[in-house]
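Engineer: Need coordinates for the below:
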Amino acid sequence: MYTSCQPCGMCDAVIQQAGLGRVVFALSNEQLLDIRPGSGRPAVPQDGPALLDEVREVVAPYYG
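Structural biologist: Model prediction:
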């Protein structure tokens, strides 16, 4: 697959599930941030992982 920018985490997961053998991208995430440094909005705090055991119980069967 050829793409202009490095795939994000969600895209990367789908690419793996699709079984693609190779991804070629023009810009890395860091290079893209140099071109477009933020959106002008403050970063949203993220906390986690949380409730790992509970979530693993629900999500694991999907992948097993």
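Engineer: For the residue nearest the centre of the chain, give its distance to residue 16.
Structural biologist: Nearest to the mean C-alpha position of the chain, counting by CA atoms, centre = their mean, stands residue 9 at 1.0 Å. Look at residue 9 and residue 16: by CB to CB, to the nearest Å, they are 11 Å apart. Using the backbone N, CA and C atoms, a C-beta is placed for each residue, glycine as well.
Engineer: what is in contact with those two at once?
Structural biologist: Counting by CB atoms under 8 Å, 6 or more residues apart in numbering, no residue touches both residue 9 and residue 16.
Engineer: list the buried ones in stretch 2-9?
Structural biologist: Buried positions in stretch 2-9, judged by neighbour count with 16 or more other CB atoms under 10 Å: 6-7.
Engineer: List of residues touching it?
Structural biologist: 15, 23-29, 32.
Engineer: Give me the contact list for the helix or strand of the chain with the lowest mean pLDDT.
Structural biologist: Scoring the helices and strands of the chain by mean pLDDT, DSSP states H and E places helix 29-35 at the bottom, with a mean of 86. Contacts to helix 29-35, defined as CB under 8 Å, 6+ apart, come from residues 5-6, 8, 27.
Engineer: What's the per-residue pLDDT of residue 36 here?
Structural biologist: We have a pLDDT of 79 for residue 36.
Engineer: Thanks again, I'm all set now.
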